[in-house]
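In: requesting a structural model of the entry that follows:
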Amino acid sequence: MRVLVLGPVEVRGVATNLGGPKPKALLSALLLQARQVVSVDRLVDLIWDTSPPQSAVALVHTYVSALRRGFTAAGMPGVVVTRAPGYLLNVTPDDSDLESFERHLDLARRAEREDEHETAARHYELAQGLWRGPAFGGVDADFARVRADGLAEERLGAEEGFARCLLALGRAGELTKPLRALVTTHPLREEARGLLMRVLYETGRQADALAVYRDGRERLLDELGLEPGERLRELHGEILAGTLSTARPARAPAAPAPPRSAVPRNLPPDIGDFTGREYALETVLRRATADADTRTNTPTVVVSGFGGAGKSALAVHAAYLLRGDYPDGQLFADLRGYDREAGAFEVLGRFLGALGVATADLPAGVDDRVELYRRTVSGRRLVIVLDNARAEHQLRPLLPGDPHCLVLITSRSRLTGLEGVEPVELGFFSTATAVEMLSKIIGADRVASQRAAAERIADLCGGVPLAIRAAAAKLLARPHWPLRSLAARLSDERRRLDELAVGDLAIRSSLALNYTELSDQQRRAFHLLCVLDLPDLGWWVAAPLLDIPLDEAEETVEQLVDLRLLDVAGVDGIGRVRYRFHDLVQLFGAEHAQAAESAEEIAAAVSRLLATWMALVEAGSRKLPRVTLGLRPNLDPSVAVDRELVAEVEDDPTGWFKSETAAVVRAVERAGELGIDSMTTLLITSLLSSPFAARNEFDGWQRTHDVALRVARAAGNRQAEAMVLAGLGQLHYEKDDFHTAFEHFTGAEAHALAVGDDATRAVALVGLGTVRRDLAGFDAARRDLEAAAALGEKIGDDAVVAAACYGLGVISRDHGDIAEAAVLLHRCVELYRKAGDSRGEALALRGVSLCHRARDEHAEAAALSARATALLESAGDDLGATYARQSTAKALLRLGRIDGMADLLMDCLDSCTRHGDRFGIALMTRTLGELQLATGDQALATRTLTAALAEWEELKLPLWQARTLRDLAAATQSDEQWRRARELFLAVGGREAAELTGHTPATWYEHVLIGDL
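Out: Purely as a prediction, here's the structure:
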């Protein structure tokens, strides 16, 4: 009787029909663990992968009974044995083609290492002769596919070994055809290609050998993007130079392998649904096989990553794939064990026992065991997997020191203290890879039919393989659940960690391993940072949170990184490391914080951080141009802020705000949610308005002010509410949402008037006047702005007076009183210059330049706008400089200087688009249309001006609609558009109504043509 699996699964010598794929899978599963008990539960898992029917256990018993009847009828009743908790296949190694193959392969490799090439070739040939087709034919279970892939690799290795031996025996002429076929079928196998090159060279075909190399190199580059390995490149060089020795390929000498009874095979089971990690696996395999015959050090790979990232799964999977390269066995040790750290003494005892050393012969001391261990493994080709290592000291006694061995280490730490190791870092799965893993576990059809819900589950698991496996296990246990049910449960952050716990699969348990290693200070930092739930953070925030020095804070945060509780997010614009919590870690930390930290302790810590942030925001705001009016109070923070932090802000305030704003915004939101330090929240909100406005950063501006408004209203603080509403008015004005801005400014003015807050009322009046001016409500706008100027004079706020003067000057200019406009705008320039506000001065200078342009003094207008541009660029106001460039372009256009104007205006349009500035987009589009009209391209001007008109209509700005209609009428020669433009100018009192007197669309077109200027 013989059980055959190296081809279609069958039993020879027994008249029994194995039946379909499932009974064959049962026989295969028992054969793979011959003479060992396999539990019924394990057989169910192996036969049906991850979706067994309810009758699975009964079916196993049925298949076993049928198999047993066949063996019994053939006179072999004891082949299938019932032994709790399952069954055992009692066959000898000679009864299995698989074990025969492994035995011949083992004998061949030993003989080849000892240069017994005749013997080695005979065993390689016998090993190959056992194959009848792809292994485990007719079995569709994952375990069989995985094992078949490994056996296919070993079969190829046998073919290559046979070729090596014939080559060493001088029989190169017999090898050309079989090696050609092997290389054609497996073009990326460098060993086979190298053998073919040697054979061709030794048979006098040097050119053909070089051609084989070129073909292989092209294939590797095309398919993998890789150059050939070093050994193949060296072989190519020797053939090219004609210096290749005709001796057989050199192989490293090795000590005799242990007897088969002492070949350890104690890896944990491989997983049939191994997913992703292609690059990491390739790195491990490359390191394992590189320079195998010439290296002098032990190849060692450290696989590190987040708890639950699949480090152990990768190491074990790689070890199985490498059995052909390391035929003398695999050793495995979990160095953390189930509930304690495994010491070197204990692990060495287990390893030595697996290697055939009797218990009575084990040394009593660690050093003696290390010496015996290294002597025993010397010359053997072993894979040694050291799982869950915590630190370098655990590992050093277990490293074999032999170049024929491979060591695979898994650890949450990077273990950088180990010399000469290959680091492999496992990150998180992408959504696509996570869904692929889910499909392999719960079934591709189930996932394909509910793809969106599967992707949602994958995202909520954060790309953590352990979490995905736990979620899949829950779905397997509830086959009636639609995937959206689990997605909905995982969406609730309060129960997500509970949902990701099935049996011994639990994210909490994985995270707890590292959590228990935290010191008291590290644990408190972890709690508080998780409570804040920041999108990212600099290490310095731990200093005010814990009230500790900066250097101590950095060390504490880095310890969280070392323990995989905090990730490095990157380096920010000012050269500092930023950190980020994984979502599941943040939930875990916040959960523990709730149990371990009192509300008073959390409030005190968050208040210290907010006060520090307030001081830093103030320091940065002082160095930036003041874009919005508002309160900038003199702050007396309740904490002492380290001068190093302040200097960092002052050195690069723009870079600092870009790096810190998202964290500050979230901290303000969390403070509001936790009911902590409302006054600090309000002050930070006020201070952030101008930096937000400078970058058109509307989202953070809105979020902080929403929190501040809730806080102010909850406290019944009308003064605070007035201040926040004024800020919201400025926000919506910058967003070109004029009507919402008007509502907020109106509310701010009313609250400020009620509580006697002149400063905030003045800001609100400037806002009201500015909005009314843009909406062409000039009379009411003038009243608001004059009232604001009077209040500004009263309280000594030159910024308010200057802003009011600017608005009044624009109104005068738009009504045609250019002289009055120039006086007001010149006063505005002086006020800003006196205050040292170069940004305000530049904007006022641009306003003066427009007065010159209205008088047709285009050279003066261009010079002032260019000066304004330079000031705004030096102040770091990109959007303001864009507007100044547009003014310069219009003045130069009227002077007939059009070279480069189109590119300049397109750059301006791009800038406004980047900033989300709708007014600017409309303005730059209109100016481009004016340029096209002035150069005589009426068709293109029509399209551009039509687009600009639509934008002005959407913004509901009648004066700008009228200006665009006027030019559009000239482009289209439309009397109707001309009439509408005149009516709008008359309705708003624009100076252009008089300018159009006596003109028609045709004469206006002649007026604006460059050639007639």
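In: my read: Ala663 touches Asp533, true?
Out: No: Ala663 is beyond contact range of Asp533, at 10.4 Å (criterion: Cβ atoms under 8 Å). All C-beta spots, glycine's among them, are computed from the backbone N, C-alpha and C.
In: in the stretch 251-400 of the chain, which spans are strands?
Out: Assigned by DSSP state E, counting those that start in this stretch, the stretch 251-400 of the chain shows strands spanning 300-305, 330-334, 383-389.
In: could you do the stretch 451-600 of the chain as well?
Out: Secondary structure of the stretch 451-600 of the chain by DSSP E, counting those that start in this stretch: the strands cover 501-502, 505-506, 537-538, 567-571, 577-580.
In: the stretch 701-850 of the chain now?
Out: Going by DSSP E, counting those that start in this stretch, the stretch 701-850 of the chain shows no strands.
In: low-confidence bits of the chain, can you list those?
Out: Residue ranges of the chain with pLDDT under 70: 14-17, 73-74, 246-262, 337-341, 504, 625, 627, 630-638, 694-696, 1011-1013.
In: elements contacting the helix or strand containing Phe143?
Out: Assessed by DSSP states H and E, Phe143 sits inside helix 142-168. Packing partners of helix 142-168 (3 or more Cβ pairs under 8 Å, 6 or more residues apart in numbering; DSSP states H and E): helix 21-32, helix 97-113, helix 117-129, helix 176-185, helix 190-202, helix 311-321.
In: identify each buried residue in the shortest one, please.
Out: The reference is to helix 176-185. 178-179, 182-183 (16 or more other Cβ atoms under 10 Å).
In: ok, now the third one?
Out: Of the residues in helix 117-129, 117, 119-128 count as buried by neighbour count, 16+ other Cβ under 10 Å.
In: alpha carbons only: can I get it in PDB?
Out: Output of helix 117-129 as PDB, limited to C-alpha atoms (Å, rounded to 0.1, in the frame of the first residue of the first chain):
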ATOM      1  CA  HIS A 117      28.200  13.400  -6.700                       C
ATOM      2  CA  GLU A 118      27.300  10.000  -8.000                       C
ATOM      3  CA  THR A 119      25.300   9.200  -4.900                       C
ATOM      4  CA  ALA A 120      23.800  12.700  -4.800                       C
ATOM      5  CA  ALA A 121      22.700  12.500  -8.500                       C
ATOM      6  CA  ARG A 122      21.100   9.100  -8.000                       C
ATOM      7  CA  HIS A 123      19.000  10.400  -5.100                       C
ATOM      8  CA  TYR A 124      18.100  13.600  -6.900                       C
ATOM      9  CA  GLU A 125      16.900  11.500  -9.800                       C
ATOM     10  CA  LEU A 126      14.900   9.100  -7.600                       C
ATOM     11  CA  ALA A 127      13.300  12.100  -5.900                       C
ATOM     12  CA  GLN A 128      12.300  13.600  -9.300                       C
ATOM     13  CA  GLY A 129      10.900  10.200 -10.400                       C
END
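In: mind listing residues that contact it?
Out: Outside helix 117-129, the residues that touch it by Cβ atoms under 8 Å, 6 or more residues apart in numbering are 101, 104-105, 107-109, 111-112, 155, 158-159, 161-162, 165-166, 168-169, 248.
In: re the thing from before, closest to Ala467 out of the strands of the stretch 251-400 of the chain?
Out: strand 300-305 (13.5 Å; Cβ to Cβ).
In: got the angle for that closest one vs strand 383-389?
Out: 30 degrees (axes from the mean of the first three to the mean of the last three Cα atoms, to 10 degrees).
In: helices along the stretch 851-1000 of the chain, start to end?
Out: Using DSSP state H, counting those that start in this stretch, the helices of the stretch 851-1000 of the chain run over 858-875, 878-894, 901-915, 918-934, 938-955, 958-972, 975-988, 992-995.
In: scratch that, the stretch 501-650 of the chain is what I was asking about
Out: 507-515, 520-532, 542-546, 550-562, 583-596, 599-622, 643-651.
In: can you check what angle separates the fourth one from helix 643-651?
Out: Between helix 550-562 and helix 643-651, the angle comes out at 80 degrees (the same axes, to 10 degrees).
In: can you redo the buried residues of helix 117-129 as TSV with distance to Leu688?
Out: What follows is these, written out as TSV (distance: Cβ to Cβ, whole Å):
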residue	distance to Leu688
His117	79
Thr119	81
Ala120	76
Ala121	79
Arg122	82
His123	77
Tyr124	75
Glu125	79
Leu126	79
Ala127	74
Gln128	74
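In: what is the nearest of those residues to Ser974?
Out: Gln128 (88.7 Å).
In: re the thing from before, out of the strands of the stretch 251-400 of the chain, the one nearest Ala752 is which?
Out: Here strand 300-305 is closest among those (Cβ to Cβ), at 55.9 Å.
In: which elements pack onto the closest one?
Out: Using 3+ Cβ pairs under 8 Å, 6+ apart, strand 300-305 sits against helix 278-289, helix 311-321, strand 406-411, strand 422-426.
In: quick one on the thing from earlier: which of the strands of the stretch 451-600 of the chain sits most buried?
Out: Highest mean neighbour count of these: strand 537-538, a mean of 23 (counted as mean count of other Cβ atoms under 10 Å).
In: which residues sit against it?
Out: Contacts of strand 537-538 (Cβ under 8 Å, 6+ apart): 529, 572, 576-580, 659-660, 663.
In: for Leu362, see how far away the spatially closest residue to Ala788 that is not a sequence neighbour is.
Out: Spatial nearest neighbour of Ala788, excluding adjacent residues (Cβ to Cβ, 6 or more residues apart in numbering): Leu765 at 3.7 Å. Leu765 sits 91 Å away from Leu362, going by Cβ to Cβ, to the nearest Å.
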